[in-house]
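S.K.: okay, sequence plus prediction incoming.
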Amino acid sequence: QLQLAESGGGLVQPGGSLTLSCVASGGDLNDYSMAWFRQFPGKDREGISCINRSGSWSRYADAVKDRFTISRDDAKGTVDLQMNDLKPEDTAVYYCAADKNYLSADAKCKYYNMDYWGVGTLVNVSS
């Protein structure tokens, strides 16, 4: 069973940067499309970025487009989310998730029916 662990969250000033990392264990990351979600207090989790199995295709929510970049390193078993120009409204708990993808490695990733989740890491953007 795949296990996911996020790290890299913390307190950062507006305009600053953070890189979140998700480390996978107990399985081969090659078999999974990966995604990052975030959750605001009292709200449902929302997908903000995902990357397909091959790394050839990714997508971003409008709120983070051009500021966040997702990447994966299957040899290391990691998926990173580089976050730049952070805003107070980015304050949330961030989760990584894995989708067991039986389709082509180039099939597009998605934000629903994820198979495995990490426990989350808090990002607090405040001056």
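M.R.: Nice, I can see it.
S.K.: C-alpha coordinates for stretch 76-83, PDB please?
M.R.: The C-alpha trace of stretch 76-83 is given here as PDB (Å, rounded to 0.1, in the frame of the first residue of the first chain):
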ATOM      1  CA  LYS A  76      13.600   9.400  -5.700                       C
ATOM      2  CA  GLY A  77       9.900   8.700  -5.200                       C
ATOM      3  CA  THR A  78       9.000  12.400  -4.700                       C
ATOM      4  CA  VAL A  79       6.600  14.900  -6.000                       C
ATOM      5  CA  ASP A  80       7.300  18.600  -5.400                       C
ATOM      6  CA  LEU A  81       5.200  21.700  -5.500                       C
ATOM      7  CA  GLN A  82       7.200  24.900  -5.900                       C
ATOM      8  CA  MET A  83       5.200  27.800  -4.700                       C
END
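S.K.: identify all contacting residues around it.
M.R.: Residues outside stretch 76-83 that contact it (Cβ atoms under 8 Å, 6 or more residues apart in numbering) are 17-25, 29, 34, 36, 49, 51, 64, 67-73, 90, 94, 96, 123. All C-beta atoms are positioned from the backbone trio N, CA, C, and that covers glycine.
S.K.: before we move on, what about stretch 115-123?
M.R.: With contact meaning Cβ under 8 Å, 6+ apart, stretch 115-123 is reached by 1-10, 12, 18, 20, 22, 32, 38-39, 83, 86, 90-100.
S.K.: buried ones in that stretch?
M.R.: By 16 or more other Cβ atoms under 10 Å, the buried positions in stretch 115-123 come out as 116-118, 120-121, 123.
S.K.: what do you get for stretch 85-102?
M.R.: Residues 86, 90-99, 101 are the ones in stretch 85-102 that count as buried (16+ other Cβ under 10 Å).
S.K.: need the residues you listed in JSON lines with distance to R59, can you?
M.R.: Shown next, in JSON lines, are the buried residues of stretch 85-102 (distance: Cβ to Cβ, whole Å):
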{"residue": "L86", "distance to R59": "20"}
{"residue": "D90", "distance to R59": "18"}
{"residue": "T91", "distance to R59": "22"}
{"residue": "A92", "distance to R59": "19"}
{"residue": "V93", "distance to R59": "21"}
{"residue": "Y94", "distance to R59": "17"}
{"residue": "Y95", "distance to R59": "17"}
{"residue": "C96", "distance to R59": "15"}
{"residue": "A97", "distance to R59": "14"}
{"residue": "A98", "distance to R59": "16"}
{"residue": "D99", "distance to R59": "13"}
{"residue": "N101", "distance to R59": "14"}
